[in-house]
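Colleague: generate a structure from the sequence data that follows.
(2 chains)
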Amino acid sequence: MARVIAFANQKGGVAKTTTTLSIGVALAEQGKRVLAIDLDPQGALTYSMGVDPDEIEETVNDVLIRRLPIEKVIVSREVDLVPANIDLAGAEAVLLAKTGREYALERALRDITGHYDYIVIDCPPSLGILTINGLTAAQEVIIPLQCEALSHRGVGQLIETLVDIRHFTNPHLEITGVIPTMYDGRSRHAREVLADVGTRYGIRVLEPPVKKSIRFAEATQAGRSLLSFAPTHPGAEAYRAIARVIDNGEAA
Amino acid sequence: MTAADPDIPTRHILYSKTEKKSFTCTVECSSCREETRVNYLELAALMWPVNFHLPLVRYHWSWFRCPACGTRTWLRVHLDR
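Modeller: Below you'll find the predicted structure:
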């Protein structure tokens, strides 16, 4: 049975997609079978893996709305991918009218959970029904966090949603930890924000922090993860180290 | 508790469980993959005249008529939803 991990933070631009892809690829490098699911209508994860969201015909939207078996939309890249595109934006409205709308993704994953060691889910930057689907299908959630002033406010709101998720749909959902992204170790502010989030919410910080680098954007442009684009880059090494922590179960 | 209840936070409307009323449950179909809310009388009608159940053997462990697609097939009853 796969470990299903959702990467969620309703704040945009905190490196959710980069973190989902990098952790997925790092786990695959360790010999794990990994499936990445793009739940963001912007299709950022899909694009980051070298798939043009505008060119694909069947996506996670068809899985959630048309009940298409999920294995029919999987694309093979560095890790297996369930792609998304802008069609997914309409899924929110369609799902809202359905009974059991929170469980659409969980139902879809039931058939393939034995085929993978890890399923990583890139949640959209909102706390709507798509994020709820991701968190309902997951056993664990990891919060990518940009170390700046407004970040801990976002974490507070996300934790409220996690309380709702545990109450309504998924009582076993665990917070594995926070991954500090775009970290500037020279700034005292970044270190303070990181320490504050850890103590205020009692959430484990998965280290080492991932430092800001233009190489992440270059890897995305090339349609690859940083781990294959620049294998020895400190950012790639940081994600490998965090993936080892996750895989060893030290964080759970 | 219903979605129209002014006492519940608006964000909870996202969860279909807030629509649950007394003496209702949902039925999830293995064929059409729909989940449908029914009351207990409707559930009894769907199970008539024949139904059987294989708990622990399979996820959709009850066999009777699906309220969504009308097929006699394997279903799962969620009493808590």
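Colleague: quick check: residues of chain B near chain A?
Modeller: B:11-12, B:14-19, B:26, B:28, B:32-37, B:59, B:78, B:81 (CB under 8 Å from any CB of the partner chain). C-betas here are computed from N, CA, C, even on glycine.
Colleague: can you turn the buried part of those residues into a ChimeraX selection?
Modeller: Burial among the residues of chain B next to chain A is assessed by 16 or more other CB atoms under 10 Å in any protein chain shown; the matching ChimeraX selection reads:
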select /B:14,15,16,17,18,19,26,28,33,34,35,36,37,78,81
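Colleague: do stretch A:155-175 and chain B meet?
Modeller: Yes: counting by CB under 8 Å from any CB, chain B has neighbours in stretch A:155-175: A:T161, A:D164, A:F168, A:T169.
Colleague: quick check, the residue in chain B closest to chain A?
Modeller: With distances taken as CB to the nearest CB, chain B approaches chain A most closely at B:E35, which sits 3.1 Å away.
Colleague: for that residue, give me the pLDDT.
Modeller: You'll see B:E35 listed with a pLDDT of 94.
Colleague: can you pull out the strands in the stretch 1-150 of chain A?
Modeller: A:3-7, A:34-38, A:75-76, A:80-82, A:118-122, A:140-146 (DSSP state E, counting those that start in this stretch).
Colleague: need those in a markdown table with mean pLDDT, mean neighbour count and distance to A:V14, can you?
Modeller: Converted to a markdown table, these look like this (pLDDT from 0 to 100; neighbours: other CB atoms under 10 Å in any protein chain shown; distance: least, CB to CB, whole Å):
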| stretch | mean pLDDT | mean neighbour count | distance to A:V14 |
| --- | --- | --- | --- |
| strand A:3-7 | 98 | 25 | 10 |
| strand A:34-38 | 98 | 28 | 16 |
| strand A:75-76 | 96 | 12 | 25 |
| strand A:80-82 | 98 | 25 | 21 |
| strand A:118-122 | 98 | 27 | 12 |
| strand A:140-146 | 94 | 25 | 4 |
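Colleague: mind putting these into JSON lines with distance to A:L173?
Modeller: Output for the strands of the stretch 1-150 of chain A, formatted as JSON lines (distance: least, CB to CB, whole Å):
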{"stretch": "strand A:3-7", "distance to A:L173": "9"}
{"stretch": "strand A:34-38", "distance to A:L173": "16"}
{"stretch": "strand A:75-76", "distance to A:L173": "28"}
{"stretch": "strand A:80-82", "distance to A:L173": "20"}
{"stretch": "strand A:118-122", "distance to A:L173": "12"}
{"stretch": "strand A:140-146", "distance to A:L173": "6"}
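Colleague: so can I have JSON lines of those strands showing distance to chain B?
Modeller: Shown next, in JSON lines, are the strands of the stretch 1-150 of chain A (distance: least, CB to the nearest CB, whole Å):
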{"stretch": "strand A:3-7", "distance to chain B": "16"}
{"stretch": "strand A:34-38", "distance to chain B": "17"}
{"stretch": "strand A:75-76", "distance to chain B": "22"}
{"stretch": "strand A:80-82", "distance to chain B": "16"}
{"stretch": "strand A:118-122", "distance to chain B": "17"}
{"stretch": "strand A:140-146", "distance to chain B": "17"}
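Colleague: mind checking how far the most centrally placed residue in chain B is from A:D117?
Modeller: Nearest residue to the geometric centre of chain B (CA atoms, centre = their mean): B:T26, 1.4 Å. B:T26 sits 31 Å away from A:D117, going by CB to CB, to the nearest Å.
Colleague: would you confirm that A:A230 contacts A:A222?
Modeller: No: contact criterion CB atoms under 8 Å: A:A230 and A:A222 do not qualify, at 9.9 Å.
Colleague: the more surrounded of these two?
Modeller: Using other CB atoms under 10 Å in any protein chain shown, the more surrounded residue of A:A230 and A:A222 is A:A230, with 18 against 14.
Colleague: ok, B:A44 - how many residues close by?
Modeller: 12.
Colleague: what does the model give the closest residue to chain B within the stretch 151-252 of chain A for pLDDT?
Modeller: The minimum distance from the stretch 151-252 of chain A to chain B, using CB to the nearest CB, falls at A:F168 (4.3 Å). With respect to pLDDT, A:F168 has a value of 95.
Colleague: residues in contact with it?
Modeller: Residues near A:F168 by CB atoms under 8 Å, 6 or more residues apart in numbering or on different chains: A:E102, B:H12, B:Y15, B:K17, B:T18.
Colleague: just checking, the second one touches A:D164?
Modeller: Meaning B:H12. Yes: if you go by CB under 8 Å, B:H12 and A:D164 touch, sitting 6.8 Å apart.
Colleague: ok, of the contacts of A:F168, which one's closest to B:P67?
Modeller: Comparing the contacts of A:F168 against B:P67 with CB to CB picks out B:K17 as the nearest, at 18.3 Å.
Colleague: now do the contacts for that closest one.
Modeller: A:E102, A:F168, A:T169, B:R81.
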